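Engineer: prediction below, plus the sequence it came from.
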There are 2 protein chains.
Amino acid sequence: MTDCSTCVVRNRAICASLDATEIRALGKMGRKQKVRQGQTLLWEGDGAPVVANVLTGVLKLVVSTADGREQIVGIVFPSDFIGRPFGKESPYTVTAMTDAEVCIFNRNNFDEFASSHPDLQQKLLRRTLDELDRARHWMMLLGRKSASEKVASFLLEMSERLSGQGCGATMPQGWFELPFGRQQIADILGLTIETTSRQLTKMRGEGVLDLPSRREIVINDRAAMETMAG
Amino acid sequence: MTDCSTCVVRNRAICASLDATEIRALGKMGRKQKVRQGQTLLWEGDGAPVVANVLTGVLKLVVSTADGREQIVGIVFPSDFIGRPFGKESPYTVTAMTDAEVCIFNRNNFDEFASSHPDLQQKLLRRTLDELDRARHWMMLLGRKSASEKVASFLLEMSERLSGQGCGATMPQGWFELPFGRQQIADILGLTIETTSRQLTKMRGEGVLDLPSRREIVINDRAAMETMAG
DNA sequence: CGAATATTTGAGGGGGGTCAAATCAAGTGG
DNA sequence: CCACTTGATTTGACCCCCCTCAAATATTCG
């Protein structure tokens, strides 16, 4: 049993469609759970009947081959939804990239609840459609863009999704902090860690961006970056 | 106004969730339209407020860059759904790969109808979730697989989705006919037409498959093909 | 049969992968 | 505070897979 009234994503997650009575019913089914950085919540092919909302932290959705190659197919932020409703098994591995908190539901219970709450289901549908659009545009990046175009596109998208999470102090325009390292950038872009690193170094050399620390990025010349993104 | 009672996909499309009264209401909003091979139904970024069901034929969803590179991000078969409900503009170009028939709706009308028919909306949600899973697994292929793995994976998936559409006569096990040419295979796999052709020729040389004609494929050794798919 | 289009085949080069080593950052214990 | 360890990132050298450009061949259609 969870108290949703104090939930940090109460108004942004799919729960926003529910009124006080409904949310209490849903809250009874859910429980809050902490996940440590690196910990895996769901395994690809696993039958674990679990869905969840993300409260805090960032998680990745990973598909991997038998021989260990990995592709990150989705990045999940607070208020986003995890898991596969109306399915049998999880189609990908879900792992925390930072320490995180999620609000977990039994999938069967959730499916049933969703079926009787059209507004929630419509919210879920809208979210899924957005994810599908994002995934398909990522397919273009993976299939047709060069390494430099990939890195530029990635930085621009991350700048969108991460801007304004600064520490309160006024950060330079274009500054943001990535919640993950080089290997994971590579796994998102379908590149190797070396190529990723080289592209970033090259962009720094050209003055398009600064790299104050490992995970910090400052985009100096957004227009140039957009041109590079193809 | 369309007569849904004789529709070829009446029981497979999302319309299957509706009863006789409802389907008549929906039918009033829709109209059947023929689309010629090569003709484009929706343009990427276009505001055309249109969604549709596919009755016959095969269409492709395409994302392209400013300089003309193309990536096919989805293939649409009969009973599948086209368009972006609850959105402003079409996120990709939709073009017919064969002559096709679609059942078109004004998006605003459809959105409204869907909002008041939870069963239809749930069918749409399930479909969208399936598409999302498919797209994400395709991301792994695009980002991490080699040319031969790509072609093998592609042929196996097409064999699944196209098997049993033979001309009535008993076709060899593993036979199917692709509804598109080499360039389009390349655009699906994120390869060039030359690499695609070479991989197919190589597989024929190894005896894994036969190529009776340009668009026909016969998988001789499915196990070997699965191994190659990675 | 000839023209237009699609596919195959060939030759060559480059972008990004692989392997290896150097450098950097963050702890940890003395 | 510093030596030392550990893991992440960068840099370098090399090479292979796939792309590019070009030409030959096959197929379709008027």
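Structural biologist: Happy to help now that I have it.
Engineer: show me the contacts for residue A:82.
Structural biologist: Contact partners of residue A:82, counting by C-beta atoms under 8 Å, 6 or more residues apart in numbering or on different chains, are A:41, A:42, A:51, A:52, A:53, A:54, A:59, A:76, A:94, A:102. In short, each C-beta sits where N, CA and C put it, glycine included.
Engineer: where does the last one sit: helix, strand or coil?
Structural biologist: Looking back up the chat, that one is residue A:102. Of the three states, residue A:102 takes strand under DSSP: H, G, I helix; E, B strand; the rest coil.
Engineer: does it touch residue A:51 like I think?
Structural biologist: No - in terms of C-beta atoms under 8 Å, residue A:102 does not count as a neighbour of residue A:51; the distance is 9.8 Å.
Engineer: quick one, domains of chain A?
Structural biologist: Domain assignment for chain A by automatic domain parsing gives A:4-141, A:145-228.
Engineer: most packed of the ones you listed?
Structural biologist: For the domains of chain A, average neighbour numbers computed from mean count of other C-beta atoms under 10 Å in any protein chain shown are highest in domain A:4-141, which has a mean of 18.
Engineer: could you dump the contacts of residue A:82 into JSON lines and include pLDDT and secondary structure?
Structural biologist: Conversion of these to JSON lines gives the following (pLDDT from 0 to 100; DSSP: H, G, I helix; E, B strand; the rest coil):
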{"residue": "A:41", "pLDDT": "94", "secondary structure": "strand"}
{"residue": "A:42", "pLDDT": "94", "secondary structure": "strand"}
{"residue": "A:51", "pLDDT": "96", "secondary structure": "strand"}
{"residue": "A:52", "pLDDT": "97", "secondary structure": "strand"}
{"residue": "A:53", "pLDDT": "96", "secondary structure": "strand"}
{"residue": "A:54", "pLDDT": "97", "secondary structure": "strand"}
{"residue": "A:59", "pLDDT": "97", "secondary structure": "strand"}
{"residue": "A:76", "pLDDT": "96", "secondary structure": "strand"}
{"residue": "A:94", "pLDDT": "96", "secondary structure": "strand"}
{"residue": "A:102", "pLDDT": "96", "secondary structure": "strand"}
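Engineer: export those residues to JSON lines and tack on distance to DNA strand C?
Structural biologist: Rendered in JSON lines, the data for those read as follows (distance: C-beta to the nearest atom of the strand, whole Å):
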{"residue": "A:41", "distance to DNA strand C": "23"}
{"residue": "A:42", "distance to DNA strand C": "27"}
{"residue": "A:51", "distance to DNA strand C": "33"}
{"residue": "A:52", "distance to DNA strand C": "28"}
{"residue": "A:53", "distance to DNA strand C": "29"}
{"residue": "A:54", "distance to DNA strand C": "24"}
{"residue": "A:59", "distance to DNA strand C": "21"}
{"residue": "A:76", "distance to DNA strand C": "24"}
{"residue": "A:94", "distance to DNA strand C": "24"}
{"residue": "A:102", "distance to DNA strand C": "24"}
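Engineer: give me the subset of the residues you listed touching DNA strand D.
Structural biologist: Residues shared between those and the neighbourhood of DNA strand D: none [C-beta under 7 Å from any atom of the strand].
Engineer: so how far is stretch A:9-27 off the chain centroid?
Structural biologist: Its chain's C-alpha centre lies 21 Å from the corresponding centre of stretch A:9-27 when counted by C-alpha atoms, centre = their mean, to the nearest Å.
Engineer: run through who's touching that stretch.
Structural biologist: Contact with stretch A:9-27 is made by A:1-5, A:7, A:53-55, A:78-81, A:105, A:113, A:117, A:119-120, A:122-124, A:127, as judged by C-beta under 8 Å, 6+ apart.
Engineer: okay, how far is it across it, tip to tip?
Structural biologist: With C-alpha to C-alpha, to the nearest Å as the measure, stretch A:9-27 spans 13 Å from end to end.
Engineer: please apply the same query to stretch A:52-65.
Structural biologist: By C-alpha to C-alpha, the extent of stretch A:52-65 from end to end equals 25 Å.
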